[in-house]
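> Model the structure of this input:
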Amino acid sequence: MTTVPVIALTGYLGAGKTTLLNHVLRQPDARVGVVINDFGELNVDAALVTGQVDEPASIAGGCICCLPDDGGLDEALAKLADPKLRLDAIIVEASGLADPVAVSRMIRFSGVERVRPGGVVDVIDTSAYFDTVDNGRTPPARYGAASLVVINKIDQVPEAERDAVVERICRRVRQRNPDVHIVSTVAGRIDPALLFDVAGRADENGQLSLRDLLVEADHAEHPHVHADSVTVTSDGCVDPDAVINLLEEPPAGVYRLKGTIAVQMRDRVRRYTVNVVGRSVHIATAPPSAPASNLVAIGTHVDVDATRERMAAALAPCDKPPATGLRRLQRYRRLSV
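Residues are numbered from 1 along each chain as shown. Below you'll find the predicted structure:
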């Protein structure tokens, strides 16, 4: 069963959540569903939105759904997870007062079929950080739930002080969450590949669409955080123990891992899809027609050669996997339901 990643987008009011969201929605060919819980805060680029907001509406090829004040997250996710919509991702934009820990828990335990946790992205306003977010003796607890922290608006800090301020924020965040992935940006310009996959769809008429024009203008105006990608494939079956070791401890700089693995069971070969965001591992049964074992690592500042070496070792052929690996695989599969 194909699942759609649900990404929580959090951050204090004014940190740049909606700016980052607008940037991500310009990704060519992306179909993204958006859930908001405060319509008054929504300021999505009008050029990316058509239709009504109180019902699923076209938004850059995907959908947008408004979450009422009395809840309704499960209902919104179920609506957007409909296979007919063919969404690449669902982004839940939380209000500025929302607790990332609570939002993450709501998504993880929603009980909606065809969705899986896609990470918690917490956006920080660099210039106001120590006046608003972090002015206590210990770092905010919110970072314990984050998989990706975006240190935004770095251009609003004097250049001579910028590196020191960013490093100080990084130290505070890692005090609470040593494994969190951190990037620094201007105007929320991160590579959407860090967040979700895009099923490419060719432009039939060969002309630039409105979104393509927006993308070109966006790239011309601001620098971007670009993602690195490493792909490794293998014929035959693999040792799930080796693969899970990789999934639990990804190479340095890797934020997402995804792919399909083939495993030799007693009676037949079974295939599984694997998805990792930060330190969250999701494993599900794949259809028999799924491709041979393959993994893709996505992140920033990745040592490509070292990452490829570790991935290749994890996908080394293995026709008689140890029982420990099979048990770990099945445990993750059960937890991922």
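
> all contacts plus neighbour counts: C-alpha atoms, from now on.
Fine.

> Next one: residue 76, what pLDDT does it get?
Looking at residue 76, its pLDDT stands at 81.

> again with residue 117
Taking residue 117 on its own, its pLDDT is 94.

> Given the host helix or strand of it, what are its sheet partners and their directions?
Assigned by DSSP states H and E, residue 117 belongs to strand 115-125. Strands adjacent to strand 115-125 in the sheet, as given by DSSP bridges, are strand 4-11 (parallel), strand 148-152 (parallel).

> Check which element follows the shortest one along the chain.
Going back to what we said before, that points to strand 148-152. Reading on from strand 148-152 to the C-terminus, the next helix or strand found by DSSP H and E is helix 159-176.

> how big is the angle separating that following helix from strand 115-125?
Inter-element angle recorded for helix 159-176 and strand 115-125: 140 degrees (by axes from the mean of the first three to the mean of the last three C-alpha atoms, to 10 degrees).

> in helix 159-176, what's buried?
Within helix 159-176, the residues that qualify as buried are 162, 165-166, 169-170, 172-174, 176, counting by 16 or more other C-alpha atoms under 10 Å.

> Run through who's touching the strand holding residue 117.
Residues outside strand 115-125 that contact it (C-alpha atoms under 8 Å, 6 or more residues apart in numbering): 3-12, 14-17, 77, 81, 100, 104, 107-108, 143, 145-154, 195, 277-278, 280, 282, 336.

> quick one: contacts of the helix or strand where residue 257 lies?
Taking DSSP H and E as the criterion, the element that holds residue 257 is strand 254-264. Contacts of strand 254-264 from elsewhere in the structure, counted by C-alpha under 8 Å, 6+ apart, are 181, 194, 236-240, 247, 250, 269-278, 286, 290-300, 302, 319-321.

> immediately after it, which helix or strand?
Along the chain past strand 254-264, the next helix or strand (assigned with DSSP H and E) turns out to be strand 269-277.

> how about the helices in the stretch 201-337 of the chain?
210-221, 240-248, 304-314, 323-335 (DSSP state H, counting those that start in this stretch).

> Tell me the buried residues in the helix or strand that the strand holding residue 117 is followed by?
Using DSSP H and E, the helix or strand that directly follows strand 115-125 along the chain is helix 129-132. Of all the residues in helix 129-132, those buried under the rule 16+ other C-alpha under 10 Å are residue 129.

> Helix 129-132: how far from the chain's middle?
Using C-alpha atoms, centre = their mean, to the nearest Å, the distance from the centre of helix 129-132 to the centre of the chain it belongs to is 26 Å.

> check contacts around the closest residue to residue 246 other than its chain neighbours.
Excluding its sequence neighbours, the residue lying closest to residue 246 (C-alpha to C-alpha, 6 or more residues apart in numbering) is residue 314, at 6.7 Å. When contacts are counted by C-alpha under 8 Å, 6+ apart, residue 314 is found next to 238-239, 242-243, 246.

> now, which of those sits nearest residue 91?
Nearest to residue 91 among the contacts of residue 314, counting by C-alpha to C-alpha, is residue 246 at 26.9 Å.

> Could you pull up the residues touching that closest one?
If you count contacts by C-alpha under 8 Å, 6+ apart, residue 246 has them with 310-311, 314.

> what bridges to the closest residue to residue 291 other than its chain neighbours?
Nearest non-adjacent residue to residue 291, counting by C-alpha to C-alpha, 6+ apart: residue 260, 6.9 Å away. For residue 260, the beta-bridge assignment (DSSP bridges) gives partners residue 273, residue 294.
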